[in-house]
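K.L.:
Task: produce atomic coordinates for the following.
(chains A and B)
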Amino acid sequence: MDVWARVTGHEEGAVGALRGLLADLLRARVVDAVLVPRLAPGGSGVVPALVSRPEDVADAEPLAPVMPVQGARLVSALTAGGAPYRLGAVLRSCEIRASIELAKLKQADLAGVTLIGVDCLGTYEVPDYAVLVAGGADPVAHALVGAPQGTVSPLPRAELRPACAICEGFVPSGCQVTVALIGVEGGALVMASEELVEELGYERVAAPQHREETLASLQAARRAERRRALEEWRSRVRDVPSLLAEFGRCIRCHNCMVACPICYCKECLFRTATFDHAPAEYWQALQRRGALRLPADTLLFHLTRLNHMATSCVSCGACSSACPSHLPVSTLFAAVGEEVQALFGYVPGRSLEEELPLATFREDELSQVAR
Amino acid sequence: MAEAFEPRIVAFLCNWCTYAGADLAGTARLQYPPNVRIIRLMCSGALDPAYVLKALLEGADGVFIGGCHPGDCHYQNGNYKARRRVALLKKILEQTGFDPDRVWLRWISASEGRLFAQTMTEMVAAIRAKGPSPLRGRWGT
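P.N.:
Down below sits the predicted model:
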């Protein structure tokens, strides 16, 4: 059974507690290495790092509100086929959900991995974060001020990533250690198994009194914001011309696909020679149509990607953050994702046991689709 | 005067059932509209939705997918998987402003030549009533 505890014997505050927790996990040999964001050289950003020495977590930035890489991609790289050591991974909830999807897709092995989920207070785009830090702001301190009351708002004149602004799934689940910040007074509390808390020598505490209601009210606000954003999207995209208008600037660079934690296929259709047309084929297409948009097949790319991964989309927004043309990729995927997930009664990242919708079927279903 | 609209329908037929059904329609000299271009697949479950999308985006007015009746798949359950994929595809089309009713999935066996001819007649009429695909003649998607 999981119990609540306070990290003891380290610096005050949530960041100190989290750094202390990671050092303690390494010292106690619960894990041999931890994946955690660390201050990048130059100081204007953070990068994920794999750390094995307890002293190296001193400059870890586990709460930096920025996500340069979707952590599930790293969990996949570090564990696919089984890691020969015990990994601990500090992740936000969307990274955990994507890791679970990748495990079901056989691209990650979570057995033996200690998932350390942290309440997510939202993230900024990487360049925005750099500008904030360069201007002397402290985005971590700012985020932590509102956390006990559940007020998660960006710094003045800054914006959270659009995917974060409409995220209801900011509380991690399915992890071995939960680091709770929202609705928690006086820094962070952890929730973990009784054995682990005992092994680390932490002080057990009562469940934070106002956490549940604080989470519920923030979730309700985000749900309303999500509804509003997706309804607005649906009212804008009603037919093919309006969809083309939204994605008219796409240059099919594939950045969204590269950044997407779910798009793992090594032999993706769009990485093959299928779209390397011979000059004569362009000429043939030109004769048929009179004029050709280049690069071609941009809408085919997005629609195919929707077909291949929308059932597993965790709405992390990595696609939009990677888009050089600032297209609303994550809004499209969120809007379509919730519909197709509802079609199969599937919630991506909820559980390792739930089968991927396209990996299974029932004989008596969907009779309206075919006869 | 504008040319009369003739629907162009791309049909993906499974080798074991619907393709054989189409063949039977032919050898039995059954009449059906010549608006259907048939592509043979080994199984409806082998159809990547990308091919359906490509056909639609290139301006096909309709896409037909034919497979074996439930329980009759040559590969045990390819048609059940196809049904999930087509359900997903149609939901995505609906959500992205396309008309999902331009895509049909039907079960037609090797002995149902008459049903194949009837279904093609029915689909061509339905697509004719809808009019040309909004993607026709676009210079780029």
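
K.L.:
Would you mind confirming that A:L18 is in contact with A:A188?
P.N.:
Yes - with contact defined as C-beta atoms under 8 Å, A:L18 counts as touching A:A188 (6.2 Å). Where you see a C-beta, it was placed from the backbone N, CA and C, and this is true even at glycine.

K.L.:
next one: phi and psi at the nearest residue to A:A180 once chain neighbours are set aside?
P.N.:
Using C-beta to C-beta, 6 or more residues apart in numbering or on different chains and skipping the chain neighbours, the partner closest in space to A:A180 is A:L189 (4.9 Å). Note on A:L189: its backbone torsions stand at phi -120, psi 150 [degrees, to the nearest 10].

K.L.:
ok, now B:Y80?
P.N.:
The phi/psi pair for B:Y80 (degrees, to the nearest 10) is phi -70, psi -40.

K.L.:
ok, it to A:G117 distance?
P.N.:
B:Y80 sits 36 Å away from A:G117, taking C-beta to C-beta, to the nearest Å as the criterion.

K.L.:
Please apply the same query to A:A229.
P.N.:
Distance, A:A229 to A:G117, by C-beta to C-beta: 25 Å.

K.L.:
Out of those two, name the residue with the larger neighbour count.
P.N.:
A:G117 (23 against 18; other C-beta atoms under 10 Å in any protein chain shown).

K.L.:
Check for me that that one belongs to a strand.
P.N.:
Yes - according to DSSP: H, G, I helix; E, B strand; the rest coil, A:G117 belongs to a strand.

K.L.:
Tell me the confidence at it?
P.N.:
pLDDT recorded at A:G117 is 98.

K.L.:
near chain A, which residues of chain B show up?
P.N.:
When proximity is defined as C-beta under 8 Å from any C-beta of the partner chain, chain B approaches chain A at B:48-50, B:53-54, B:57, B:67, B:70-71, B:77, B:80-81, B:83-92, B:94-98, B:105-107, B:134-135, B:137-141.

K.L.:
which regions of chain B sit below the pLDDT cut-off?
P.N.:
B:1-2 (pLDDT under 70).

K.L.:
Number of residues surrounding the residue of it found nearest chain A?
P.N.:
In chain B, no residue comes nearer to chain A than B:G140, which is 1.9 Å away by C-beta to the nearest C-beta. Using other C-beta under 10 Å, the number of residues around B:G140 comes to 16.

K.L.:
three-state assignment of the residue nearest to it when sequence neighbours are not counted?
P.N.:
Nearest-residue entry for B:G140: A:R293, 1.9 Å, with adjacent residues in sequence omitted and distances by C-beta to C-beta, 6+ apart. Using three-state DSSP, the structure places A:R293 in coil.

K.L.:
Could you tell me which of the residues of chain B next to chain A count as buried?
P.N.:
B:49-50, B:53-54, B:57, B:67, B:77, B:80-81, B:83-92, B:95-98, B:105-107, B:134-135, B:138, B:140-141 (16 or more other C-beta atoms under 10 Å in any protein chain shown).

K.L.:
So which of those sit within helices?
P.N.:
Judged by DSSP state H, the subset of these located in helices is B:49-50, B:53-54, B:57, B:80-81, B:83-92, B:95.

K.L.:
So A:A207 is in contact with A:D2, correct?
P.N.:
No - if you go by C-beta under 8 Å, A:A207 and A:D2 don't touch, sitting 10.2 Å apart.

K.L.:
For the most centrally placed residue in chain B, which non-adjacent residue is spatially closest?
P.N.:
Per C-alpha atoms, centre = their mean, the C-alpha nearest to the average position across chain B is that of B:F64, at 0.5 Å. Nearest residue to B:F64, sequence neighbours excluded (C-beta to C-beta, 6+ apart): B:A11, at 4.1 Å.

K.L.:
Residue of chain A closest to chain B, please.
P.N.:
Closest to chain B within chain A is A:R293: 1.9 Å, counting by C-beta to the nearest C-beta.
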